[in-house]
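no sequence for this one, just the structure:
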């Protein structure tokens, strides 16, 4: 019997040399939000896959950290905004411990942005406005899905969605358990890949209302 042999890829041998750009503290913006805005714009213009995707890290009451990918839906001087189910695991963890961290990884640009800060819910009016702008299926899904809770099968979701659609037709209101969060940053780090693993890392820290900038060793 012929057995096809597949060579195993060694994870230890996977390497990449970072050659694209450099990041100098003297050329960085004084305001980290301006620096972030510039990098995000470049990621969008480069037509990267989901440049608005960010990893959100939270911590539960038991001290166990968890991460998931969410989408940035806005930002300004007050912070970074995304939307979610308030009763999900991340919602419960943020209710217990409102400090959280975000990370953007734009692989093709060899860049990472890390942001830390305190999270709070956005204004109800803002959540209402964003919810109304979502596609109908997404608005129905926000009602139908008991996010992060065990369910018996996908059929449970389909049946729940059908009930919501029949009840609200084309105009489902925003569920009381769904809305926006805003992370108010007190830490930013901008990471630019460089050759020989001597990467550029520029950190901003908010101290007494002023941003302090320094370089970190890679």
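Received it, and whenever you're ready, just let me know what you need. Computed from a predicted structure; not experimentally measured.

what's near enough to touch the residue most central in space within the chain?
With distances taken as Cα atoms, centre = their mean, the residue of the chain nearest its centroid is residue 54 (2.6 Å). Residue 54 makes contacts with 69-72, 80, 82, 102-104, as judged by Cβ atoms under 8 Å, 6 or more residues apart in numbering. The C-beta positions use only the backbone N, C-alpha and C, and glycine is treated the same way.

Same question for residue 96.
Residues near residue 96 by Cβ under 8 Å, 6+ apart: 60-61.

do the same with residue 55
67-70, 102-105.

Over to residue 200?
22-24, 190-192, 194, 215, 218.

Distance check, it against residue 146.
Residue 200 is 44 Å from residue 146, where distance means Cβ to Cβ, to the nearest Å.

Check residue 121 too.
19 Å.

Check residue 157 too.
If you measure residue 157 against residue 146 using Cβ to Cβ, the figure is 9 Å.

For residue 172, give its distance to residue 84.
In this structure, residue 172 and residue 84 are 17 Å apart, going by Cβ to Cβ.

I'd assumed residue 33 was in a helix, is it?
Yes: assessed with DSSP: H, G, I helix; E, B strand; the rest coil, residue 33 lies in a helix.

Now the phi/psi pair for the residue nearest to it when sequence neighbours are not counted, please.
In space, not counting the residues next to it along the chain, residue 33 is nearest to residue 77; the distance is 6.6 Å by Cβ to Cβ, 6 or more residues apart in numbering. Residue 77 adopts backbone torsions of phi -60, psi -20, taken as degrees, to the nearest 10.
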